[in-house]
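J.: Mind looking at a prediction? Sequence and model below.
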Amino acid sequence: MSFPLISVMIPTFNREKYIKQAIDSVIVQDYRPLEIIVVDDGSTDMTAETVEQYDPNIVKYFYKKNYGMDDASARNLCVQKASGEFLAWLDSDDYYLSGKLSAQMEYLQQHPECEIVFTEVEDFFDDDNMKKEMDPNIYTKIFFGGTKVFHTTMLARREMILRVGPRVENLRAYGDHEWLYRIYFIHNVDISHCLNRVYVRRRMHKNSVAYTRRNPETLAAVTQLTDKYMREKIRRDLLAARKKQSKQ
């Protein structure tokens, strides 16, 4: 197996409480070479001081002016700064479990037709009282369609990420959903590849994006885009089927 560079991209905003655990979970991975790209979206806490304690040759820190927790532009800047042939995401309040990157890289090299591979993810709560407000089983089923497709578990080939293009920056939430829908419906990327093991733990807390930005208006906007993408895919598939029939 060859060992190309993996860039793990971590956008963050005021996560001094959690980001050390996130970064450490990448550093202890048994895969090398890797780099960690941290894009700070204008934190006002001790996030910068925490990140700058690490070796800058491995953990590369970039500060950008904050536009009100502009998550999509931070993710787009992560991609611009990353050097790896393979790209992975990690939210700064979540963390990897051991062996994630090596298992995914092995899978990608064994399946050269595969452009993106996911893993299982496990939700957990900082505050048990939140379980009454936000059942993770219900939440995951509603917003991820009950699938195993979740951006923070992915490892993908760089050329595919560039082909799909950047996140939509005028969405206040669910931008990752729109991006994943675009990967499948517009660019016909096979998103069915998933390792049947939990390699990422996702933290649910009252300051998390998943908790604070749930609103019907934004969800409706993403649903409208999804419907548009789906119609376009159906149209392309029908045209391809007709061309195939005409040649027979």
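T.: Alright, I've got the coordinates. Just so it is clear, the model here is predicted, and its values are computed rather than measured.
J.: now for the biggest helix by length in the chain, which elements pack on it?
T.: In terms of residue count, the longest helix belonging to the chain (DSSP state H) is helix 216-247. Counting contacts by 3 or more CB pairs under 8 Å, 6 or more residues apart in numbering; DSSP states H and E, helix 216-247 packs against helix 175-185. Heads up, the C-betas are built off the backbone N, CA and C, glycines and all.
J.: Compute the number of surrounding residues for residue 61.
T.: Using other CB atoms under 10 Å, residue 61 is surrounded by 19 other residues.
J.: Beyond the strand or helix carrying it, next helix or strand please.
T.: Taking DSSP states H and E as the definition, one finds residue 61 inside strand 59-63. Remark: after strand 59-63, the chain's next helix or strand is helix 71-81, criterion DSSP H and E.
J.: can you give me the mean pLDDT across that next one?
T.: Across helix 71-81, pLDDT averages out at 92.
J.: cool, stretch 118-133 as well?
T.: Taken as a whole, stretch 118-133 has a mean pLDDT of 76.
J.: This structure: helices as residue ranges?
T.: 19-27, 47-51, 71-81, 100-110, 130-133, 136-144, 158-164, 175-185, 209-212, 216-247.
J.: any idea which of the ones you listed is most buried?
T.: Mean neighbour count (mean count of other CB atoms under 10 Å) peaks for helix 175-185 among those, with a mean of 21.
J.: That helix vs helix 71-81, what angle?
T.: Relative orientation of helix 175-185 and helix 71-81, computed by axes from the mean of the first three to the mean of the last three CA atoms, to 10 degrees: 60 degrees.
J.: Next, the angle from helix 175-185 to helix 216-247.
T.: Using the same axes, to 10 degrees: helix 175-185 against helix 216-247 is 10 degrees.
J.: so can I have CSV of the helices of the chain showing distance to residue 60?
T.: Shown next, in CSV, are those (distance: least, CB to CB, whole Å):
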stretch, distance to residue 60
helix 19-27, 11
helix 47-51, 9
helix 71-81, 7
helix 100-110, 17
helix 130-133, 33
helix 136-144, 30
helix 158-164, 16
helix 175-185, 22
helix 209-212, 23
helix 216-247, 31
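J.: Can you tell me which of these is nearest to residue 5?
T.: helix 158-164 (9.5 Å; CB to CB).
J.: which helices and strands does that closest one pack with?
T.: Helix 158-164 packs on strand 86-89, helix 175-185, going by 3+ CB pairs under 8 Å, 6+ apart.
J.: For the last one, what does the pLDDT average out to?
T.: I take that to be helix 175-185. Mean predicted confidence for helix 175-185 is 85.
J.: what's the answer for the shortest one, then?
T.: Along strand 86-89, the predicted confidence averages to a pLDDT of 98.
J.: elements contacting it?
T.: So strand 86-89, by 3+ CB pairs under 8 Å, 6+ apart, packs with strand 6-12, helix 71-81, helix 100-110, strand 155-157, helix 158-164.
J.: partners of the fourth one in the sheet?
T.: Put plainly, it is strand 155-157. The pairing partners recorded for strand 155-157 under DSSP bridges are strand 86-89 (antiparallel), strand 116-125 (antiparallel).
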